[in-house]
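[1] Sequence below, structure please.
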Amino acid sequence: MAKRPIFVPKTSGPLLVVGMPIEFVWHPGMSKSQKQKSIRSLHDSAKQTRGIEKILEISSKSENELGIQLSAFNLMLNANGFKAAVEVLFQGSKVFSKGGPYTDIYRKTSREAKKDERLKGSGQLIAFRYNNRDWPLNPQTVFYDWLYLTALRQNPSLSEQLLEYDGFSDIEFNPDKSINCQAASAALYKSLTERELLELALSSADEFIKIHEAQKKKEVPIQGGLF
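    Purely as a prediction, here's the structure:
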């Protein structure tokens, strides 16, 4: 057995997103077919134990084409006249104690960007810098979420389909090892849309940070925090 979160958007109350831990049968192996077996097992368990009916897997392993297109590796954002994937912009905007941001990463593929050796050898991550704006590490996930939601707003054909789902998963995301998660960002997009807060949130970086910070911080059943 394994445990992974399903991220559920909340349309009322102090929390915008809740991560619900789901126990399910894990199918070991690195092949796409094994990952998809685990995804089906996760979704079936979430329906049976939590009553979450319509779940979208957002990753390159998704059996749904929409989920593949919404992967941060594939979701494109128009950035100053050129298009780059969310993952590429996220990695290329990192500022470390000994270097960065390495904006030449913006021209790489998502896989090349994530594997860039400078991201491992430049000291401690201290901030993100994008369009001459510095983004803090806290509240956690705020810069990643902003990139992802900005990209979603630029791709209405995808974001409108996303709104049809009740919950979101990413089989590759392990909350014990990672912080940012594309499935959590997708849930945040739906929550803000349903609350009619999306345009306000994306009107400026300061407004987005303010909304992130305003969420009531209390222990939820995953990671001991919101995401």
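[2] hmm, what's the outermost residue in the protein?
    residue 98 (26.6 Å; Cα atoms, centre = their mean).
[3] Mind telling me what element the residue nearest to that one when sequence neighbours are not counted is part of?
    Sequence neighbours aside, residue 123 is the residue nearest to residue 98 in space, at 3.7 Å (criterion: Cβ to Cβ, 6 or more residues apart in numbering). The C-beta positions use only the backbone N, C-alpha and C, and glycine is treated the same way. Under DSSP states H and E, no helix or strand contains residue 123.
[4] Residue 123 and residue 47, how far apart?
    For residue 123, the distance to residue 47 equals 44 Å [Cβ to Cβ, to the nearest Å].
[5] List the contacts of residue 13.
    Contacts for residue 13 (Cβ atoms under 8 Å, 6 or more residues apart in numbering) come out as none.
[6] For the closest residue to residue 187 other than its chain neighbours, report the pLDDT, please.
    Of all residues not flanking residue 187 in the chain, residue 7 sits nearest, at 4.0 Å (Cβ to Cβ, 6+ apart). Here the pLDDT value assigned to residue 7 is 96.
[7] A helix includes residue 7, no?
    No. Counting by DSSP: H, G, I helix; E, B strand; the rest coil, residue 7 is not found in a helix; it is strand.
[8] Tell me how many other residues crowd it.
    Neighbour count for residue 7, taken as other Cβ atoms under 10 Å: 28.
[9] Against residue 58, how distant is it?
    Distance from residue 7 to residue 58, by Cβ to Cβ: 9 Å.
[10] sorry, back to before: touching, the residue nearest to residue 98 and residue 94? I think so.
    No. Contact status for residue 123 versus residue 94: not in contact, 10.8 Å apart, counting by Cβ atoms under 8 Å.
[11] dump the residue contacts of the residue nearest to the spatial centre of the chain.
    Closest residue to the average C-alpha location of the chain: residue 182 at 2.1 Å, with Cα atoms, centre = their mean. Residues in contact with residue 182, defined by Cβ under 8 Å, 6+ apart, are 58-59, 70-72, 75, 86, 148, 170, 173.
[12] ok, now residue 211?
    192, 197, 200-201.
[13] Buried among those? Make that a ChimeraX selection.
    Those of those that count as buried under 16 or more other Cβ atoms under 10 Å are selected in ChimeraX with:
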select :192,201
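[14] which ones among the contacts of residue 211 are found in helices?
    192, 200-201 (DSSP state H).
[15] Kindly reformat the residues you listed as CSV and extend each row with pLDDT and distance to residue 141.
    Listed next are those as CSV, based on pLDDT from 0 to 100; distance: Cβ to Cβ, whole Å:
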residue, pLDDT, distance to residue 141
192, 96, 14
200, 96, 19
201, 96, 14
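[16] Which residue ranges of the protein form strands?
    For the chain, the strands defined by DSSP state E cover 2-9, 17-24, 55-57, 76-79, 82-85, 94-96, 125-130, 133-135, 167-169.
[17] deepest of the ones you listed, which one?
    strand 167-169 (a mean of 28; mean count of other Cβ atoms under 10 Å).
[18] helices and strands around it, which ones?
    strand 2-9, helix 32-50, strand 55-57, helix 182-194 (3 or more Cβ pairs under 8 Å, 6 or more residues apart in numbering; DSSP states H and E).
[19] circling back: state the pLDDT value of the residue nearest to residue 98.
    For residue 123, pLDDT reads 97.
[20] Can you tell me how far it is from residue 112?
    Taking Cβ to Cβ, one finds residue 123 at 21 Å from residue 112.
[21] Name the nearest residue to residue 179, sequence neighbours excluded.
    residue 140 (5.6 Å).
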